[in-house]
Structure formats: C-alpha cells, structure tokens
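Have a look; sequence and predicted model below, questions after that.
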Amino acid sequence: MNKMNKRLDKRGQFTDLFLFIIIAVILLFVSGLFIYMGLRVSDQFDESFTGMTIGGEANGTNYTTIKDQTFGDVNVAYHSLYWISILLIVAMLISIFMGSYLVTTRPIYFVPYIFIVIIAIIVSVGISNAYQEVVQTPELAETFAGFIGSNFIMFNLPIWIVVIGFTGGIIMFVRMKSQEAMAYGYG
C-alpha cells in the first residue's frame, strides 16, 4: 500500500462538508466585495473626473476616457466572477464525490459520519440564513443579484448539504463494501 492510500485510510472525508461550506461562503463574499468595490470606485472616478482633461481643452485627453480604458476593463474582468464562483463551487462538489470514492473506511465510522452530516446540516441552516440577510441588504442586493447559480446553492444550502453528505457517504461506504469483496476474492 503506498503512502497516499495510507493517508486516505486514516483521515477520511469527514471534514469535506464543513470545508465546502466555509470555502463557498468566503468565495462568494470575496467575489461580491470585488465587484461591489469595483463598481463604487468606478462611480467615484466618474464623479471626480467629469470634464477634466490632460493637455489643452482642444486636443487634450479626457480623464473619463482614460478611466474607461483602464479601470473599466478591471470591472469587466470582475464581472466574470459571477460564473467563476459557480464553477468553483461545482468543482468542490465533484471533488467531494471523488474523494469519497477514493477513501477506504471501516463500517464503525458510519455512525460518526452520520452525526457529522447532521451537524453540518444544522450549521448550514444558520449560514444560509446569514447569507440571505447579507445579500438582501439594499447596498449589496444589486451586486449579489448576478450570482444566480451561487445564490441558488447558498439559499438552499441545507438541502445541498443533505444531498452531498448522504451521497458522499453512500459512495464511500459502498466503495468500502466492494473493496472488502475484492480482499476476500469475491470480485
């Protein structure tokens, strides 16, 4: 048995649900913060630089044009965070299922796994409610409205945690059964 398999045997996949919750929330808040700040800074530049030019009035360069050519591109790039965030969340889901498939565990760990999934469900209810309150504040509502797929997952986070937790557990413990059959020469 190589070193990687030994590490997976001992560690398990018990913390994946909590890591999923934490990373998804941090990812969405940081992405939302970048988009929000980009829009506010752009608006402030528009207010501050209106009518200002470099050089003379006749052949000078307008500050607004410079801002649009530089900082405007940054805001366009920040708007791709709307779809990048959902892509990363789906990638985390896939990695949880792949990790569940790769982990070998013993039947005695089934009961603690169920308790951990239940605790993750309870924690996800509070985080989902807190996320909804933050997203629905008037200042941030416009910014977070673009996170359509991510908002769907975060608004229904307890349901997603139930599905992910039990599907991951089924994958992990069914895989355990097939490995036992292989060990005893049945497969």
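Perfect, I can see it now. Here the structure is a predicted model, which means the values were calculated and not measured. Numbers count the residues shown, from 1 in each chain.

Return the mean pLDDT over the longest helix along the chain, rounded to an integer.
Longest helix in the chain by number of residues (criterion: DSSP state H): helix 16-49. Average pLDDT, helix 16-49: 89.

got it, and stretch 140-156?
Mean predicted confidence for stretch 140-156 is 93.

cool, stretch 163-179 as well?
Mean pLDDT, stretch 163-179: 81.

Can you give the contact residues for that stretch?
13, 16-17, 20, 93, 96-97, 99-101, 103-107, 110, 113-114, 116-117, 120-121, 187 (CB atoms under 8 Å, 6 or more residues apart in numbering). Using the backbone N, CA and C atoms, a C-beta is placed for each residue, glycine as well.

Run the chain-centre distance for it.
23 Å (CA atoms, centre = their mean, to the nearest Å).

Mind listing residues that contact stretch 82-92?
19-20, 23-24, 27-28, 31, 35, 146-150, 153.

Regarding Thr104, what is its secondary structure?
Judged by DSSP: H, G, I helix; E, B strand; the rest coil, the three-state class of Thr104 is coil.

for the most centrally placed residue in the chain, what are its contacts?
Geometric centre of the chain, nearest residue: Ala24, 2.8 Å, by CA atoms, centre = their mean. By CB under 8 Å, 6+ apart, the residues touching Ala24 are Ile89, Met92, Ser150, Ile153, Met154.
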